[in-house]
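*Asks:* Sharing a model prediction with you, sequence too.
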Amino acid sequence: MSRYKTPELKTKLAKALKQNRRIPVFVVARTKRKVTFNRKTRNWRQKKLKIKK
């Protein structure tokens with residue numbers, strides 16, 4: 001990864017970082033545990049982002 005990132009790349013990486021969080025507890029409570037985890041979570045070692053540099 002380059003040291004100096006373009007603004008477009010930086011926004012894509014920031015979005016991917018925000019998506020890679022667990023769901024809030026109030027969502028679990030609101031859905032009566034039908035939704036318990038985030039299926040889109042990603043580990044940085046296993047799955048790479050398909051973002052062109």
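*Replies:* Alright, I've got the coordinates.

*Asks:* Tally up the residues packed near K5, please.
*Replies:* When neighbours are counted by other C-beta atoms under 10 Å, K5 registers 13. Heads up, the C-betas are built off the backbone N, CA and C, glycines and all.

*Asks:* do the same with T36
*Replies:* T36 is flanked by 10 other residues according to other C-beta under 10 Å.

*Asks:* residue with max distance from the center of the protein?
*Replies:* Computed with C-alpha atoms, centre = their mean, the residue of the chain farthest from its C-alpha average is K32, at 23.6 Å.

*Asks:* Check the spacing between that residue and Q19 real quick.
*Replies:* 24 Å (C-beta to C-beta, to the nearest Å).

*Asks:* Then L49?
*Replies:* For L49, the distance to Q19 equals 10 Å [C-beta to C-beta].

*Asks:* Looking at the residue farthest from the centre of the chain now. What's its pLDDT?
*Replies:* Listed pLDDT for K32 reads 97.

*Asks:* On the three-state scheme, it is what?
*Replies:* With DSSP: H, G, I helix; E, B strand; the rest coil as the basis, the three-state label of K32 is coil.

*Asks:* Look up phi and psi at it.
*Replies:* phi 50, psi 50 (degrees, to the nearest 10).

*Asks:* Next, work out how far apart A14 and I23 are.
*Replies:* Distance, A14 to I23, using C-beta to C-beta: 19 Å.

*Asks:* Can you pick out the residue with more neighbours from these two?
*Replies:* More neighbours surround I23 than the other of A14 and I23, with 14 against 10 (other C-beta under 10 Å).

*Asks:* which residues are contacting the helix ranked longest in the chain?
*Replies:* Across the chain, the longest stretch assigned as helix under DSSP state H is helix 7-19. Contacts to helix 7-19, defined as C-beta atoms under 8 Å, 6 or more residues apart in numbering, come from residues 5, 40, 42, 49, 51, 53.
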